[in-house]
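In: dropping a prediction and its sequence here:
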Amino acid sequence: EGVLYQMTYTQQYGCAFYWTLQTVLRVGYGDVVAQSHTERIYSVLVAMFVMYLVAYILSGRRTLALAANSHYNEFILSRQNTVFYMRDRELPKEILAETIAHMDASQWSNVTGVG
């Protein structure tokens, strides 16, 4: 407790870290503020790291979603090509229906891992 300039360096950096986390991860309390240039630099570096970390996590989730969507789009295109091929060859509707049902079941098991 006390004024920051009366604290040890360890205590000051602890206060700076506290302030940074409260400001970046929450609204911030405003009861602890950076007093020195070094504390401000430290706070900015921690904030930049947290922003980078959040961006990295969010971009990873987006990449996973795009990859899953890409596989689905590839499946739909393959399914449409199969239907066109079978219709052009005038294959019986029963075979077409069984083939499409098999493709759909295979796709479902690929997505869910069940099947």
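Out: Yes, it's here.

In: which strand or helix spans the spatially most central residue of the chain?
Out: Nearest to the mean C-alpha position of the chain, counting by C-alpha atoms, centre = their mean, stands residue 61 at 2.5 Å. Using DSSP states H and E, residue 61 maps to helix 37-88.

In: state the mean pLDDT of that helix.
Out: Averaged across helix 37-88, the pLDDT comes to 79.

In: again, but for stretch 107-114
Out: So the average pLDDT for stretch 107-114 ends up being 59.

In: can you name the next helix or strand after the helix holding residue 61?
Out: Taking DSSP H and E, what comes next after helix 37-88 is helix 93-112.

In: now that following helix: buried residues?
Out: Within helix 93-112, the residues scored as buried using 16 or more other C-beta atoms under 10 Å are 96, 99, 107. All C-beta atoms are positioned from the backbone trio N, CA, C, and that covers glycine.

In: now it against helix 37-88, angle please.
Out: Relative orientation of helix 93-112 and helix 37-88, computed by axes from the mean of the first three to the mean of the last three C-alpha atoms, to 10 degrees: 170 degrees.

In: which other helices and strands contact helix 93-112?
Out: helix 37-88 (3 or more C-beta pairs under 8 Å, 6 or more residues apart in numbering; DSSP states H and E).

In: how distant is the helix it packs on from the center of its chain?
Out: From the chain centre to the centre of helix 37-88 is a distance of 7 Å (C-alpha atoms, centre = their mean, to the nearest Å).

In: name the helices or strands packed onto that helix?
Out: Secondary elements touching helix 37-88 (3+ C-beta pairs under 8 Å, 6+ apart): helix 9-25, helix 93-112.

In: would you single out the least confident of the ones you listed?
Out: Among those, helix 9-25 scores lowest, with a mean of 76.

In: that one: how far from the chain's middle?
Out: Centre to centre, stretch against its chain (C-alpha atoms, centre = their mean), the figure for helix 9-25 is 27 Å.

In: next, the buried residues of that helix.
Out: Per 16+ other C-beta under 10 Å, helix 9-25 contains these buried residues: 12, 15-16, 19-20, 23-24.

In: much appreciated, bye for now.
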